[in-house]
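missing the sequence, but the structure's below:
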């Protein structure tokens, strides 16, 4: 009896040891490394062999996924130019990046962040920065003139914490409405500027068996797009409020919700849109079955391939119709682990992504570059894309409403609530509940 | 009089029986037929000619899914986890069951009861804490941990089946071996295990299937594509942005083909594994 | 003999591996789960103690949780309706004199051997609004207007999922009923038949009472599996559309892994565990009370 008890207690102790992180089993890559200092023979040394781990999220099964296409090329070209460096990539797709974020957080928690990794910036990067797990890049940028030239400091807002830069933005995307110019012309309609127009043109389209707006919200976040536009129109100053003071139960949120519900009730969106996947809604639009499509410009390539110059892009209509703002988001970026054992190789790869050739290639995938001073040949990029590049500068930028949340838990709830108000849920109740959740989980 | 009416009633009842059985059979076999046929078509043909045989047998679909999308590796992974999980649980389970049933010690009943409580607890409840401790310990490769988790969960039922079987086996041969001076290990290896063969076969297959079919544990613990199980692998083809339907179907078939084969061969064992728990419990 | 079989070292050697494996991976994590459920933690920041806060929020303010509970109850009923009842009927039929019994048993049990993931993917195909089997059949029969996006309609999505689950698990329960049927002693039935009992009387007075333990087991299995329900729904609908098919286990998964609320997710897991344990013990007691003297 005593013996068994002793063993059980010992096992308990063992288990709790693993919990406290003692005996940390960080896999040590490469074993003993040659010291870098001390080679003062002056000859051109054979470059040290290095293997870096690189994580990013993409849908490998989607041939139109621009991140995947670009990164696969990046890795290929980089390893060709640097044969002594191997890149081990891990691609995690699915569910709006949630899976990726979860697994990345797990790696960070166990001190195993990949050498180079794609990451959501802003609040999602903050905890990792606070832990000291991410490398600050200010010196890197300052020390490399080519990189300094292209980094657009205007776009570093989400990547900066305590005045230091911890990531380089991946792409800028505008969220709004793609529309089919041909269909509009066919029915003598102009792209709507305000909600009343939107409802009017939707009626005409519906009478002719065309879906007015293809919106696939099975992923929950797409209804944020119209909502943010409506909210910004009502009170732009909201986005300057410090997060601790933000109260989701204030009337303006509810009013914006009610306006969105108005649009939903007018039958503007496709049937059962909360169950439709984004790919389906895009297909409905590209096959000419829908006149408009609410999404982000990362879809530009797919849209362009199907509709060429028949497609246009506008901000979502608001009550006032003064199209002052466009939803511009820089949600993701690339960062380097602070504990990387291959600092040179990791930084080399990061910089490679931001060279002009690679940025141009990225742009050709239909991406609005977060960088500056890149020369884009208008012919090599499509008509829709060049239109977007030209016009988006005319609008002030605003981030999506989920960025008003202080952390991941609350931002997910914001997405949920905005999806809920498009159903029969009580709008006031939903926002009150959101504020409760916000208070509870700040 | 009664007999004649009885016979007519018999016929109607018989027809009804076959009708019910028949419809159920169609409900099960038809989707499988559809899958097999569609896996060899492309998207358009699936839509235009859903129920007929494919015009061209697109065997490339299989190659695409198996090799290019690496489902082959996923299958090997599932095999790995299942094999080691089963190996572990059989070794540990046989020893434990023998100790509980044959050996004399005061706590045997209490220990048995403790192990049986394991059957009450769903896997969902331990995934979280195990995940947290595994992550905090910095264990990146999930392989060993996964095999251990599967084995641990399979243990209660395994011990239940094995001890049930053991109880009914006469001790005579073992007693004879003891008189001949055999050591305990010898007895277990040369006598007990052969006697337990049917029960061991049952739990092997039963546990193999359980591990092979697992989703949640793999979903939570496995990160890299290289480590993914087959079940996770086929999820690749169902996403927010995927529209290659014929690949989805091919992937499903690749996933179920091994299970169906194992099932058809070992049907009896699988079923007895289930009913053993039911009848004796 | 006794010495050999009472040797403490050997006993320990035999039983310890199982004990350690089990205790390390089952009871201890459950204890930790309980502990974690009193915390607020996102894995990266410091751990904050939250007392009963998680549970209070769960029971008073978490509308998603209660929505899930409602769905879990539907799931329970659905399981009984689409799995246990057909299983019982099929078992009775298969136990009578019919040809091809083995064939039918093989076929009906087949879906059980498939993984829930595979089954869900199969039914994703059945229900697919463009090239799904259901819609193709409807179109084939000429009712093109009745084509529907089955899984995208909040009102019937859950029903559709339950049918898929029933398709998979009926065989499982059927096999359990069958095993119970085969132990009914032939003489009892024969003597009843001689006494002039007809089919339905046989069913009522003999078969069903003999099957009581089977009913108990299938009830426990069905109810417990409804609390644990995850795989099928995760793959088929992900809990959607708009949480129409949301379940407790999905809520735990969402809160924990999508929102990094590990403490809160733990509290949900604790509730699920308690429900599973209570149900099993509760139904056992219920059936034990009226155990039949045979």
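Yep, that arrived. All values derive from a computational prediction rather than experimental measurement.

contacts and neighbour counts: CA atoms only from here.
Noted.

how about the residues of the stretch 151-294 of chain C by chain A?
By C-alpha under 8 Å from any C-alpha of the partner chain, the residues of the stretch 151-294 of chain C that approach chain A are C:151, C:152, C:153, C:240, C:241, C:242, C:255, C:257, C:258, C:259, C:260, C:261.

residue A:275 is in contact with the second one, correct?
Yes: in terms of C-alpha atoms under 8 Å, residue C:152 counts as a neighbour of residue A:275; the distance is 4.5 Å.

what do the two both touch?
Listed contacts common to residue C:152 and residue A:275 are C:240, C:241; contacts here mean C-alpha atoms under 8 Å, 6 or more residues apart in numbering or on different chains.

where does the residue of the stretch 51-200 of chain A found nearest chain B fall, phi/psi-wise?
Closest to chain B within the stretch 51-200 of chain A is residue A:110: 4.7 Å, counting by C-alpha to the nearest C-alpha. Phi and psi for residue A:110, reported as degrees, to the nearest 10, are phi -100, psi 10.

what of residue C:26?
phi -120, psi -70.

thought it was touching residue B:124?
No: under the criterion of C-alpha under 8 Å, residue C:26 makes no contact with residue B:124, lying 10.9 Å away.

and the gap between residue A:74 and chain C?
Residue A:74 sits 29 Å away from chain C, going by C-alpha to the nearest C-alpha, to the nearest Å.

now swap in residue B:169 and tell me
In terms of C-alpha to the nearest C-alpha, residue B:169 sits 17 Å off from chain C.

sec struct for that residue, please.
coil (DSSP: H, G, I helix; E, B strand; the rest coil).

number of nearby residues for it?
13 (other C-alpha atoms under 10 Å in any protein chain shown).

also residue B:214?
21.

okay but it is in contact with residue B:231, surely?
Yes: using C-alpha under 8 Å, residue B:214 is in contact with residue B:231, at 7.1 Å.

quickly list what's touching both of the two.
Contacts common to residue B:214 and residue B:231, judged by C-alpha under 8 Å, 6+ apart, are residue C:115.

okay, now the unreliable bits of the stretch 51-200 of chain B?
Applying pLDDT under 70 to the stretch 51-200 of chain B flags residues B:138-141.

quick one: the helices in it?
B:60-63, B:71-102, B:108-117, B:124-136, B:143-167, B:172-179, B:184-187, B:193-195, B:197-212 (DSSP state H, counting those that start in this stretch).

mean neighbour count and distance to residue A:262 for these - can I get that in JSON lines?
Below are the helices of the stretch 51-200 of chain B laid out as JSON lines (neighbours: other C-alpha atoms under 10 Å in any protein chain shown; distance: least, C-alpha to C-alpha, whole Å):
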{"stretch": "helix B:60-63", "mean neighbour count": "17", "distance to residue A:262": "46"}
{"stretch": "helix B:71-102", "mean neighbour count": "22", "distance to residue A:262": "47"}
{"stretch": "helix B:108-117", "mean neighbour count": "15", "distance to residue A:262": "54"}
{"stretch": "helix B:124-136", "mean neighbour count": "23", "distance to residue A:262": "41"}
{"stretch": "helix B:143-167", "mean neighbour count": "22", "distance to residue A:262": "50"}
{"stretch": "helix B:172-179", "mean neighbour count": "14", "distance to residue A:262": "81"}
{"stretch": "helix B:184-187", "mean neighbour count": "14", "distance to residue A:262": "77"}
{"stretch": "helix B:193-195", "mean neighbour count": "14", "distance to residue A:262": "72"}
{"stretch": "helix B:197-212", "mean neighbour count": "21", "distance to residue A:262": "49"}
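
now those helices in a markdown table, with distance to residue C:247?
Putting the helices of the stretch 51-200 of chain B into a markdown table (distance: least, C-alpha to C-alpha, whole Å) gives the following:
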| stretch | distance to residue C:247 |
| --- | --- |
| helix B:60-63 | 35 |
| helix B:71-102 | 27 |
| helix B:108-117 | 25 |
| helix B:124-136 | 13 |
| helix B:143-167 | 23 |
| helix B:172-179 | 51 |
| helix B:184-187 | 48 |
| helix B:193-195 | 43 |
| helix B:197-212 | 22 |
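
so for chain A, which of the ones you listed sits nearest?
So among these, helix B:124-136 is nearest, using C-alpha to the nearest C-alpha, at 4.8 Å.

for that closest one, what is the distance to the chain centroid?
From the chain centre to the centre of helix B:124-136 is a distance of 23 Å (C-alpha atoms, centre = their mean, to the nearest Å).

do the same with stretch C:155-173
With C-alpha atoms, centre = their mean, you get 11 Å for stretch C:155-173.

buried stuff in that stretch?
Across stretch C:155-173, burial judged by 16 or more other C-alpha atoms under 10 Å in any protein chain shown covers C:157-173.

how about stretch B:20-38?
Going by neighbour count (16+ other C-alpha under 10 Å), the buried part of stretch B:20-38 is B:21, B:24, B:25, B:28, B:29, B:31, B:34, B:35, B:36, B:37, B:38.

how about residues contacting that stretch?
By C-alpha under 8 Å, 6+ apart, the residues outside stretch B:20-38 that reach it are B:46, B:50-54, B:246, B:249-250, B:253, C:90, C:104, C:107-108, C:111, C:122, C:126, C:133, C:167.

ChimeraX command to pick out the buried ones of those?
Buried residues among the contacts of stretch B:20-38 (16+ other C-alpha under 10 Å), as a ChimeraX selection:
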select /B:46,50,51,54,246,249,250,253 /C:90,104,107,108,111,122,126,133,167
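
re the thing from before, any chance of the helices of the stretch 51-200 of chain B in a markdown table, plus distance to chain C?
Formatted as a markdown table, these follow (distance: least, C-alpha to the nearest C-alpha, whole Å):
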| stretch | distance to chain C |
| --- | --- |
| helix B:60-63 | 17 |
| helix B:71-102 | 5 |
| helix B:108-117 | 7 |
| helix B:124-136 | 5 |
| helix B:143-167 | 5 |
| helix B:172-179 | 6 |
| helix B:184-187 | 7 |
| helix B:193-195 | 14 |
| helix B:197-212 | 7 |
